[in-house]
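**Student:** sequence first, then the predicted structure, then my questions.
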Amino acid sequence: MNICMFTNTYVPHVGGVARSVQFFAEDLIDLGHRVLVVAPTFSDEKETPGKHPEVLRVPAIQQFNGSDFSVRIPLPLYVDQEIEKFVPDVVHSHHPFLLGDAAVRVARKRARPLVFTHHTLYEQYTHYVPIDFDKLKEFVIRLATMYANLCSRVVAPSRSVARLLLDRGVSRPIEEIPTGVDVSFFAAGNGERFRRDSHLPDDAPVIGHVGRLAPEKNLPYLAKAVCIFLEKAPEAHFLVIGDGPSQSEMRQIFADRHLEDRLHLTGEASGTRLRDAYSAMDLFVFSSKSETQGMVLLEAMAAGKPVVALDASGSREVIRDGENGRLLPGDASTANFAEAMREFHSKPKLARDWRFGARQTAQQFSREACAAKMEKLYRSLLTRHDASVPEAPAELEPLDALSARIKTEWELWRLKTAAALDAVQSRSGKGLP
């Protein structure tokens, strides 16, 4: 099969969606298929090791509204020409916005099935727009749902997301296919090397976290919980792999508690360095409630690291409370979260049991198994009479109009906010209340 994937983020960008697209592309190539990835340009783009699909880069605006995402600009003619030469059998969209509309056009023009993976809870990212109105969140949810209903099949990375999509009105068939983890790769890390390079004591208990340091990840909560634990475990350290706008806030939380010397923010990591980082940890902690699949949780478990996390989509599918870590209620206090860390730290037998359970869980989510499920989905679409892209319901606005409308509303809210701030500053400058 010739499989054409459209994604708004791709390597060398570090993130869950980029990694998912990369893994599926590589694994489908291993299964004998040809893959073309259409993705935005990325600053400091460089080759990455490993198998490579064909990649077609499109012009993009970098770091949209302070995020680390690219926003594509209208597709030039050469992109359509290259896709025409590729002759896709299946089109797979990994986002409903930006390049997602191009995926719909390509699939419709060529009468090819369109698959859409709902990777992200998009309403959790509206803080990248200057005003965070509930109305905007509702609009984003509606647009993503309508996009899903324009596709031949929808892929949910977890059962929680599949149920959520049904509740939101997705009427197209939904397949639950998670992104797999390279179990053997992450099981072979060198934690001693990472500790040495990162100036972590050889024998110190290390609590670890991996991910983008962004507002939607609930990181102030995590930082406060870890601080409570560190205050009672003076020999322990906190290792954070990742980068992003929340980094300074995390540093300040640790500084306020005079624990900054035990916070290790080592930046982004991938490949062997990321594998070694997991190996250097004793326990993995996670507080995000915006995930559709806990890829970093599975990577940590493949390295034999138990996980303490809050009950949310992406986490509840992989954490077995009391078997491979702790799954705490979504509204658990930071003190309760810290107590779960203390429990692991103070009970060696429990820690051994959790580590065994973590490795067992990771085996159930191997890359090979997940790629085989995706291949089976593609093949089923090519043999079904109802696999083509459905026409948009007449009572709904066209996708282009919806996309333009959301862009317009964002811009209007941005301008209104700027005007209000200017007015307040002007009044303050004149000494008015």
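**Tutor:** Good, I have the coordinates.

**Student:** how about Pro245, phi and psi?
**Tutor:** Phi and psi for Pro245, reported as degrees, to the nearest 10, are phi -70, psi -20.

**Student:** hang on, it packs against Arg212?
**Tutor:** No: judged on CB atoms under 8 Å, Pro245 makes no contact with Arg212 at a distance of 9.1 Å. For the C-beta atoms, the positions are set from N, CA and C on the backbone; glycine is no exception.

**Student:** more neighbours: these two, which one.
**Tutor:** Arg212 (21 against 16; other CB atoms under 10 Å).

**Student:** list the contacts of stretch 171-180.
**Tutor:** 16, 19-20, 23-24, 27, 117, 148-149, 151-159, 162, 165-166, 293, 295, 317, 365-371, 373-374, 377, 390 (CB atoms under 8 Å, 6 or more residues apart in numbering).

**Student:** neighbours of Ser248, just the number please.
**Tutor:** What Ser248 shows, counting by other CB under 10 Å, is a neighbour count of 10.

**Student:** now the one 10 residues further on
**Tutor:** The number of residues packed around His258, counting by other CB under 10 Å, is 10.

**Student:** please apply the same query to Glu375.
**Tutor:** Neighbours of Glu375 using other CB under 10 Å come to 18.

**Student:** before we move on, what about the one 5 residues further on?
**Tutor:** Applying other CB under 10 Å, we find 14 residues neighbouring Ser380.

**Student:** which SSE is it in?
**Tutor:** For Ser380, the host element (DSSP states H and E) is helix 367-382.

**Student:** over to Tyr10?
**Tutor:** Per DSSP H and E, there is no helix or strand for Tyr10.

**Student:** about what we covered before: show me what the helix holding Ser380 is packed up against.
**Tutor:** helix 16-30, strand 90-93, strand 114-117, strand 153-156 (3 or more CB pairs under 8 Å, 6 or more residues apart in numbering; DSSP states H and E).

**Student:** centre of the chain to the first one, how far?
**Tutor:** The gap between where helix 16-30 is centred and where its chain is centred comes out at 13 Å by CA atoms, centre = their mean, to the nearest Å.

**Student:** same check, this time on the third one
**Tutor:** From the chain centre to the centre of strand 114-117 is a distance of 17 Å (CA atoms, centre = their mean).

**Student:** who are the packing partners of that strand?
**Tutor:** strand 90-93, helix 99-110, strand 153-156, helix 367-382.

**Student:** show me how far the helix or strand following it is from its chain's centre.
**Tutor:** Following the chain from strand 114-117 toward its C-terminal end, the next helix or strand by DSSP H and E is helix 134-148. With CA atoms, centre = their mean as the basis, helix 134-148 stands 19 Å off its chain's centre.

**Student:** can you check what angle separates helix 134-148 from helix 99-110?
**Tutor:** 30 degrees (axes from the mean of the first three to the mean of the last three CA atoms, to 10 degrees).

**Student:** give the buried residues for helix 134-148.
**Tutor:** Counting neighbours by 16 or more other CB atoms under 10 Å, one finds that the buried residues in helix 134-148 are Leu136, Phe139, Val140, Ile141, Leu143, Ala144, Thr145, Met146, Tyr147, Ala148.

**Student:** hey, which helix or strand in the chain has the poorest pLDDT?
**Tutor:** Ranking every helix and strand in the chain by mean pLDDT, DSSP states H and E puts helix 399-429 at the bottom, with a mean of 48.

**Student:** could I get the pLDDT score of Ser313?
**Tutor:** For Ser313, the pLDDT comes out at 86.

**Student:** that one contacts Leu165, correct?
**Tutor:** No: look at Ser313 against Leu165 with CB under 8 Å: they stay out of range, at 10.9 Å.

**Student:** quick one, which of those two is more surrounded?
**Tutor:** Applying other CB under 10 Å to Ser313 and Leu165 shows that Ser313 carries more neighbours, namely 23 against 19.

**Student:** so, low pLDDT: which residues of the protein?
**Tutor:** 42-51, 61-75, 122-136, 385-433 (pLDDT under 70).

**Student:** quick one, longest strand in this structure?
**Tutor:** As assigned by DSSP state E, the longest strand anywhere in the chain is strand 34-40.

**Student:** for it, which outside residues touch it?
**Tutor:** 1-10, 21, 25, 28-29, 53-60, 70-72, 79, 82-83, 86, 88, 98-99, 102-103.

**Student:** go through stretch 82-91 and flag the buried ones.
**Tutor:** Buried-residue list, stretch 82-91, by 16+ other CB under 10 Å: Ile83, Phe86, Pro88, Asp89, Val90, Val91.

**Student:** can you check stretch 26-35 too?
**Tutor:** Within stretch 26-35, judged by 16+ other CB under 10 Å, the buried ones are Glu26, Asp27, Leu28, Ile29, His33, Arg34, Val35.

**Student:** the first one contacts Pro53, doesn't it?
**Tutor:** Yes: using CB under 8 Å, Glu26 is in contact with Pro53, at 7.1 Å.

**Student:** keeping just the C-alphas, turn stretch 201-209 into PDB.
**Tutor:** What follows is stretch 201-209, C-alpha atoms only, in PDB (Å, rounded to 0.1, in the frame of the first residue of the first chain):
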ATOM      1  CA  PRO A 201      24.300  10.900  42.800                       C
ATOM      2  CA  ASP A 202      24.800   7.200  42.000                       C
ATOM      3  CA  ASP A 203      22.800   6.000  44.900                       C
ATOM      4  CA  ALA A 204      20.200   8.700  45.200                       C
ATOM      5  CA  PRO A 205      16.500   7.900  44.700                       C
ATOM      6  CA  VAL A 206      15.400   9.600  41.600                       C
ATOM      7  CA  ILE A 207      11.800  10.700  40.800                       C
ATOM      8  CA  GLY A 208      11.400  11.300  37.100                       C
ATOM      9  CA  HIS A 209       9.200  13.000  34.500                       C
END
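
**Student:** buried ones in it?
**Tutor:** Pro205, Val206, Ile207, Gly208, His209.

**Student:** from the residues you listed, which land in strands?
**Tutor:** Per DSSP E, the subset of the buried residues of stretch 201-209 in strands is Val206, Ile207, Gly208, His209.

**Student:** so what's the residue nearest to Arg112 when sequence neighbours are not counted up against?
**Tutor:** Among residues not flanking Arg112 along the chain, Val91 sits closest, at 5.3 Å (CB to CB, 6 or more residues apart in numbering). Applying CB under 8 Å, 6+ apart to Val91 gives the contacts Cys4, Phe6, Ala103, Val106, Ala107, Arg110, Arg112, Pro113, Leu114, Val115.

**Student:** mind giving me the packing neighbours of the host helix or strand of Phe229?
**Tutor:** Per DSSP H and E: Phe229 is located in helix 219-232. Secondary-structure packing of helix 219-232 (3+ CB pairs under 8 Å, 6+ apart): strand 206-210, strand 237-241, helix 247-256, strand 283-286, helix 334-346.
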